[in-house]
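Colleague: Have a look; sequence and predicted model below, questions after that.
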Amino acid sequence: MNILVLGSGGREHSIVWKLNQSKTVRSIHAIPGNPGIAEIATVFEMNLDDHEKIIKYAIENEIDLVIVGPEQPLVDGIADLFTENGIKVFGPGKMGAKLEGSKIFSKEFMVKHDIKTSGYEIYSNKEDAIEGIEKFKLPLVIKVDGLAAGKGVLIPKTIKEAKENLSLIFDENKFGESGNKILVEEFINGFEASILCLVDEEHIIPLESARDYKKAYDGDLGPNTGGMGTISPNDKLTDEMMSIIDKEVLQKTLQGLKNDGIKYRGVLFIGLIIDDKNEPYILEYNVRFGDPETQSIIPRMKNDLLDVFMKTVDNQLDELNLEWDERTAVTVVLASDGYPGNYSKDISINLENVDKDVFVFHAGTKIENGLLYSNGGRVLGVTALAENKYEAREMIYRNIEKIRFDKKMYRNDIGL
Ligand code: GLY
């Protein structure tokens, strides 16, 4: 089969890497891909919002299956376009993608289908929001309704800070149209878990759990990022908790999709927080694979990834028997100094000395005159599999020393 993967991050690199091991894959294409992906697939530079051109490329290259990495094209309806053109696609249509595209839509979906989530109010102007935040305990959570590249969740600790955040959204228009409406939510104390599920129209199957480290600095300090590292499995999640999550979150979500007539075929990534009373609350739905969760989960998957994708798009998830490597995977993101704020750019990178049993997934990299440079905030993801998290960490941090990349910034406590 000919496969097209859309996206350019570490998530897409890990997907392409795994697809490349499938016996039934004839060719892999990626738009726009990255230098790591280019080593194992045909990459084509194209803007992901140019849907017509992408469809044309898929038709010309006889693509049988498309995997959509990032959320924006899904929210913009690219999956519907592929379907209309007779091309199979892993990823939901516009209706399903709204679960990520609108935080208000997804919150209302949770409430309607009796899925536990934090209390909230919706505001569409600063004055009402300022009055409203007085009703919430501190810290509180402010979320812009639309997509914001992972930066649309603010957790002010004081009313002063909350008012500053509201000014940023409503006066300075920092999030554009995404900030036209906001949610203010209760903050829930607990530990976070990422559950990525394969979903077709009749079934929901969780992949192995992961834990994302979202804050920029060690000890969960500093600003939120897209994710600075992950561990899989999430060793804080017990089997008992997983069965509660299955009953209270996954099955209710599937039933909700069915009741609302949302035909979903793809991955649904559920961000959860487990509170002090051991109750799972949904923080958010994402309609795509997590980054860097995927870089820790995919290397543990024993199944043929193309078969996994095909069973999902063909509505045959009941025939899928997932098998996992029992070892622990840890991924540490190497970001460019300054990330998630203004970061250094065009820094030379050398990966020559990295051990062969450690995976280096590219994210923000580029090639110029045959040499590798940084080209984004999150630049590389280093993943290792080992008998336990301590060994995996040891392998990673030893190899990070061997990666020549000036001003690299990373957390030292991933996996702990
Ligand atoms: N790691 C969080 C995300 O992919 O949204």
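Modeller: Cool, the structure landed.
Colleague: Going by neighbour count, list what's buried in stretch 225-235.
Modeller: 225-234 (16 or more other CB atoms under 10 Å). For the C-beta atoms, the positions are set from N, CA and C on the backbone; glycine is no exception.
Colleague: ugh, typo on my part, it should be stretch 325-344
Modeller: Using 16+ other CB under 10 Å as the test for burial, stretch 325-344 gives 327-337, 339-340, 343-344.
Colleague: could I have it exported to CSV, CA atoms only?
Modeller: These are the backbone C-alpha positions of stretch 325-344, laid out as CSV (Å, rounded to 0.1, in the frame of the first residue of the first chain):
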residue,chain,number,x,y,z
ASP,A,325,6.7,-4.7,24.7
GLU,A,326,6.7,-5.0,28.5
ARG,A,327,9.7,-2.7,28.8
THR,A,328,9.4,0.9,29.8
ALA,A,329,9.9,3.7,27.2
VAL,A,330,11.1,7.1,28.1
THR,A,331,11.3,10.1,25.7
VAL,A,332,13.2,13.3,26.5
VAL,A,333,12.6,16.3,24.3
LEU,A,334,15.6,18.4,23.4
ALA,A,335,14.4,22.0,22.8
SER,A,336,16.1,25.1,21.7
ASP,A,337,17.3,27.5,24.4
GLY,A,338,14.4,29.9,25.3
TYR,A,339,11.6,27.5,24.4
PRO,A,340,8.6,27.9,24.8
GLY,A,341,9.3,31.7,24.5
ASN,A,342,11.6,33.1,21.9
TYR,A,343,14.2,30.4,21.2
SER,A,344,17.5,30.3,19.4
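Colleague: How far away from the center of its chain is that stretch?
Modeller: Distance of stretch 325-344 from its chain centroid, counting by CA atoms, centre = their mean, to the nearest Å, is 13 Å.
Colleague: what is the rounded mean pLDDT of it?
Modeller: Stretch 325-344 comes out with an average pLDDT of 96.
Colleague: go on, stretch 384-401?
Modeller: Per-residue scores along stretch 384-401 average to 98.
Colleague: What of stretch 241-258?
Modeller: On average, stretch 241-258 scores 97.
Colleague: which of the residues in that stretch are buried?
Modeller: Neighbour counts over stretch 241-258 (16+ other CB under 10 Å) mark 241-242, 245, 248-250, 252-254, 256-257 as buried.
Colleague: what's the answer for stretch 406-415, then?
Modeller: Buried residues in stretch 406-415, counted by 16+ other CB under 10 Å: 408-411, 414-415.
Colleague: Which of the buried residues of stretch 241-258 fall in strands?
Modeller: The strands, defined by DSSP state E, take in nothing from those.
Colleague: and the residue in the stretch 301-416 of the chain positioned nearest to the ligand, helix, strand or coil?
Modeller: Nearest residue of the stretch 301-416 of the chain to the ligand: Val333, at 9.6 Å (CB to the nearest ligand atom). On the three-state scheme (DSSP: H, G, I helix; E, B strand; the rest coil), Val333 is labelled strand.
Colleague: and it, how far is that from Ile204?
Modeller: Taking CB to CB, to the nearest Å as the measure, Val333 and Ile204 are separated by 28 Å.
Colleague: what does Gly77 give?
Modeller: Counting by CB to CB, the gap from Gly77 to Ile204 is 23 Å.
Colleague: circling back to that earlier point, the residue of the stretch 301-416 of the chain closest to the ligand pairs with what?
Modeller: Here Val333 sits in beta bridges with Gly381, as judged by DSSP bridges.
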